[in-house]
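**Q** okay, structure incoming, though there's no sequence with it:
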């Protein structure tokens, strides 16, 4: 028969380790960026739109309003961090952060971006 102290230790370890496993799997899931996004620079100097399609951690779509980076884009998601580049291999946006229906970060002409999901992408 196990002593009470040993039972408590084993029980605590099981609870702790199961909590760690949940945290790892939740963090490994990429954010959802499927859809149409609208916004621009936080100063409203530029208006930007994106249409994104996601398959796992891979993202493709189009972006407009950025100037030289307008057109087809591709990228990857690492958790809630989105990395996008021109499909032609040209300009890349600095990393963007996805929080639900809001994408923020990056910079356009040195000004941070903020976009809001306005609808689902056509699949």
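**A** The structure has been received and is ready for your questions. Since this is a predicted model, take the numbers as computed values, not measurements.

**Q** now the helices for the protein?
**A** 4-28 (DSSP state H).

**Q** and it, what are its domains?
**A** Per the record's domain assignment (automatic domain parsing), the chain is made up of the domains 1-29, 35-119.

**Q** residue nearest the centroid of the protein?
**A** By Cα atoms, centre = their mean, the chain has its centre lying nearest to residue 80, at 3.3 Å.

**Q** pull the contacting residues for that one.
**A** 30, 31, 97, 98, 99 (Cβ atoms under 8 Å, 6 or more residues apart in numbering). Quick note: C-beta positions are derived from backbone N, CA and C, even for glycine.

**Q** just the buried subset of those residues, please.
**A** The neighbour-count criterion (16 or more other Cβ atoms under 10 Å) marks 30, 31, 98 among the contacts of residue 80 as buried.

**Q** so the last one sits right up against residue 82, yeah?
**A** So that's residue 98. Yes: look at residue 98 against residue 82 with Cβ atoms under 8 Å: they come within range, at 5.6 Å.
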